[in-house]
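J.: give me a 3D structure for the following:
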Amino acid sequence: MRFWNLLASAAIVAALAGCTNEALDATTSVDIKSVKNKTEYQVSAPMVKKMSELGMQKTAPIALRIFKEEGTLEVWKANTANRFQLLKTYKICAWSGKLGPKVKEGDRQAPEGFYPLFPHQMNPNSNYYLAINTGYPNAFDKANGRQGTHLMIHGACSSSGCYSMTDEQMIEIFALARDSFKGGQESVQLQAFPFRMTAENMARHRNNPNIDFWKMLKVGYDQFEITKRPPEVNVCEKKYVFNQQASGPFNPGGQCPAMSTPPALQVAMAGFEKTYQTDYDKAMKKYDGMVWYEPSEAERKAIVAKQRVGRELAYAPTGNSFDAGKLMKASDLEKKIADQKEAEETKQAIEIQKKELEKATQGGKHVPVPAANPVPQPVMQAAVEQPAKKSFWSLFSKNEPELQMPAPVVVTPDQPANGQQAAVAPQALAPAKVEKQTPAVATAAAQQQTAAASTATTPAADAAAETPVVTEEPPKKRPFWKIWGN
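T.: Predicted structure coming up:
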């Protein structure tokens, strides 16, 4: 009773500290605020007691197993018979991307495969509380041209290709690895899988493009299930090989040497495979006509969005694929994928238009982007304006009106290439307004109107007509005897 009271109290304290998410790992009882030196943290008394019950030494070797789909990290520890048993299971707080291996830098994929973790890969000064580098890319990844850097198991619950835990979880995992190294373990084996490689799961994911890669990993998975010991891993011909007795060295990119499986393991594997095949056939009947829709990272995040409330922005749990994914009819999945592809293409088109608009608007000034089929625009061609002249006699009169010049004439561009005539602006067809037109001026205005209309409908080859000249009305003379008149 006292143990459970202490455990409950510690969980409450951790929750108030704002780091532990009860929905992610209700068993973690670490109070981060009370830890003075995170690299020297000692595992809790309840965990030491469990080790003792399972026949494990505190400094005995460990192995880590990750299952993306269900979002779990398991710590296995060797007992006195050197067989590994499950010590503790942690819920992974965040992993990015989808099921499948990491292939290149920036793809946000978390690694899948077998990775040795050495003491120098432990980082006590990580920006993510504590970290253990996975060692990606390993020999297999390099042989297959896969690239990426800084792929970690770390704290802070934020991932861009890593496996991220809460700080409380990470301090325990870090301490367990540290103790195993102190006990003489040279490297901790990390086994990172997309899911538990049972017959049912393999049948459910049979249509995934990574299925051949996963079948290769399954050999190592099965051998651990049978022997309860981390398999000896090598790479040749760009493939993983497990527990093989070889006649020569392994070359990751070269031909495999002559190899053989130890007889005892071979017999055990044969029996295991027979049972597996029976289960697989049953699963195939169960999933006949059905396929598994694997959710995106965004869809996984949506189901755990409430867990972010009240926390730092960096805290980003991603949920698991079981909750966000689902079984679907093959035809429904094809339609769903087609709709997603169309939506993605639309999004990309919008982004391209956005970028073009930003380029066209430089320094806050709009720079027009030429259209594929430009629309003809009317060109304003003003008549040549001459200074208005007054007669000699008008110098002595204030009442004589000045000559008003005709309005500018609008001349449209050449006829478009498609044969449609360009529209003529209304003002191009309107007569020029002249105050108190004389017959001569009226005649000039009519000629100007006719020339404008003719120019607007003339093909490009004849569009070089000269600009109409405006005829100016001669000054109106006043009789001599009216010089002194009102």
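J.: Ser159 against Thr318, yeah?
T.: Yes. Judged on C-beta atoms under 8 Å, Ser159 makes contact with Thr318 at a distance of 6.9 Å. (C-beta placed from N, C-alpha, C; glycine too.)
J.: quickly list what's touching both of those two.
T.: Common neighbours of Ser159 and Thr318 (criterion: C-beta atoms under 8 Å, 6 or more residues apart in numbering): 94-96.
J.: which members of these occur in strands, if any?
T.: 94-95 (DSSP state E).
J.: so which of the shared contacts of Ser159 and Thr318 would you say is closest to Arg83?
T.: For the shared contacts of Ser159 and Thr318, the minimum distance to Arg83 (C-beta to C-beta) is 28.7 Å, reached by Trp95.
J.: what sits against that closest one?
T.: So Trp95 contacts 68, 71, 110, 159, 162-164, 318 (C-beta under 8 Å, 6+ apart).
J.: so what touches stretch 279-299?
T.: So stretch 279-299 is contacted by 96-99, 108, 198-200, 202-208, 318, 321, 324-330, 333, 336 (C-beta under 8 Å, 6+ apart).
J.: swap the cut-off to 7 Å and go again
T.: Contacts to stretch 279-299, defined as C-beta atoms under 7 Å, 6 or more residues apart in numbering, come from residues 96-99, 199-200, 202-205, 207, 318, 321, 324-330, 333, 336.
J.: looking at the contacts of Trp95, which two lie furthest apart in space?
T.: With C-beta to C-beta as the measure, no two of these lie farther apart than Gly71 and Cys162, at 13.5 Å.
J.: now the helices: where do they sit in the stretch 251-400 of the chain?
T.: Taking DSSP state H, counting those that start in this stretch as the test, the helices found in the stretch 251-400 of the chain are 263-286, 297-302, 321-324, 330-360.
J.: dump these to CSV, plus mean pLDDT, distance to Thr39 and mean neighbour count.
T.: Formatted as CSV, these follow (pLDDT from 0 to 100; distance: least, C-beta to C-beta, whole Å; neighbours: other C-beta atoms under 10 Å):
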stretch, mean pLDDT, distance to Thr39, mean neighbour count
helix 263-286, 97, 39, 13
helix 297-302, 94, 31, 17
helix 321-324, 91, 34, 18
helix 330-360, 83, 45, 11
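J.: between those, which one is closest to Gly145.
T.: Counting by C-beta to C-beta, Gly145 lies closest to helix 297-302 out of the helices of the stretch 251-400 of the chain; the figure is 24.3 Å.
J.: quick one on the thing from earlier: show me the one of the helices of the stretch 251-400 of the chain that comes nearest Val43.
T.: Smallest distance to Val43 across the helices of the stretch 251-400 of the chain (C-beta to C-beta): 29.4 Å, for helix 321-324.
J.: could you dump the closest one to CSV, C-alpha only?
T.: The C-alpha trace of helix 321-324 is given here as CSV (Å, rounded to 0.1, in the frame of the first residue of the first chain):
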residue,chain,number,x,y,z
SER,A,321,-0.9,5.0,-36.2
PHE,A,322,-3.4,2.5,-34.6
ASP,A,323,-5.7,5.2,-33.5
ALA,A,324,-5.4,7.4,-36.6
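J.: contacts for it?
T.: Contacts of helix 321-324 (C-beta under 7 Å, 6+ apart): 69-70, 99, 294-295, 299-300, 303.
J.: stretch 62-73 now?
T.: Under the criterion C-beta under 7 Å, 6+ apart, residues 74-77, 84, 89-92, 95, 99, 110, 163, 176-177, 180, 188-196, 230, 320-322 lie in contact with stretch 62-73.
J.: so how do I select the buried members of those residues in ChimeraX?
T.: Per 16 or more other C-beta atoms under 10 Å, the buried members of the contacts of stretch 62-73 correspond to this ChimeraX selection:
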select :75,76,77,84,90,91,92,95,99,110,163,176,177,180,188,189,190,191,192,193,194,195,230,320,321
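J.: now, which of the contacts of stretch 62-73 lie within strands?
T.: Counted as lying in strands by DSSP E, out of the contacts of stretch 62-73, are 74-77, 84, 89-91, 95, 163, 188-193.
J.: Ala143: which of those residues is nearest?
T.: Nearest to Ala143 out of the ones in strands among the contacts of stretch 62-73 is Ala192 (C-beta to C-beta; 17.5 Å).
J.: tell me the contacts of that closest one?
T.: Counting by C-beta under 7 Å, 6+ apart, Ala192 touches 66, 111-113, 115.
J.: let's see it at 8 Å
T.: Contact analysis of Ala192 by C-beta under 8 Å, 6+ apart lists 65-66, 68, 110-115, 134, 163.
J.: so where do the helices sit in the stretch 101-250 of the chain?
T.: Under DSSP H, counting those that start in this stretch, the stretch 101-250 of the chain gives helices at 139-143, 167-182, 199-204, 211-227.
J.: closest to Tyr276 out of those?
T.: Evaluated over the helices of the stretch 101-250 of the chain, closeness to Tyr276 peaks at helix 199-204, with 5.2 Å, by C-beta to C-beta.
J.: can you list the residues that contact that closest one?
T.: Contacts for helix 199-204 (C-beta under 8 Å, 6+ apart): 69, 195, 211, 214-215, 218, 276-277, 279-280, 282-284, 286-287, 292, 327.
J.: if we go to 10 Å?
T.: Outside helix 199-204, the residues that touch it by C-beta atoms under 10 Å, 6 or more residues apart in numbering are 67, 69-70, 193-196, 198, 208, 211, 214-215, 218, 275-288, 290-292, 325, 327.
J.: picking up where we left off before, and of the helices of the stretch 251-400 of the chain, who's closest to Val309?
T.: Closest approach to Val309 among the helices of the stretch 251-400 of the chain is made by helix 297-302 (13.4 Å; C-beta to C-beta).
J.: before we move on, back to that, only whichever of the contacts of stretch 279-299 are buried, select them in ChimeraX.
T.: In ChimeraX, the members of those classed as buried (16+ other C-beta under 10 Å) are selected with the following command:
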select :96,97,98,99,199,200,202,203,204,205,318,321,324,325,333
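J.: where in this structure is pLDDT low?
T.: Low-confidence segments of the chain (pLDDT under 70): 1-28, 362-486.
J.: now, which of the ones in strands among the contacts of stretch 62-73 sits nearest Val35?
T.: Closest to Val35 out of the ones in strands among the contacts of stretch 62-73 is Tyr90 (17.6 Å), distances taken as C-beta to C-beta.
J.: any common contacting residues for Gly71 and Cys162?
T.: 94-95.
J.: pull up the gap between Ser96 and Pro194, please.
T.: Distance of Ser96 to Pro194, computed by C-beta to C-beta, to the nearest Å: 14 Å.
J.: what is the burial count for the closest residue to Lys326 other than its chain neighbours?
T.: Closest residue to Lys326 apart from its sequence neighbours, by C-beta to C-beta, 6 or more residues apart in numbering: Tyr293 at 5.4 Å. Close neighbours of Tyr293, defined as other C-beta atoms under 10 Å, add up to 15.
J.: check the gap between Tyr293 and Glu334 for me.
T.: Relative to Glu334, Tyr293 is positioned 11 Å away (C-beta to C-beta).
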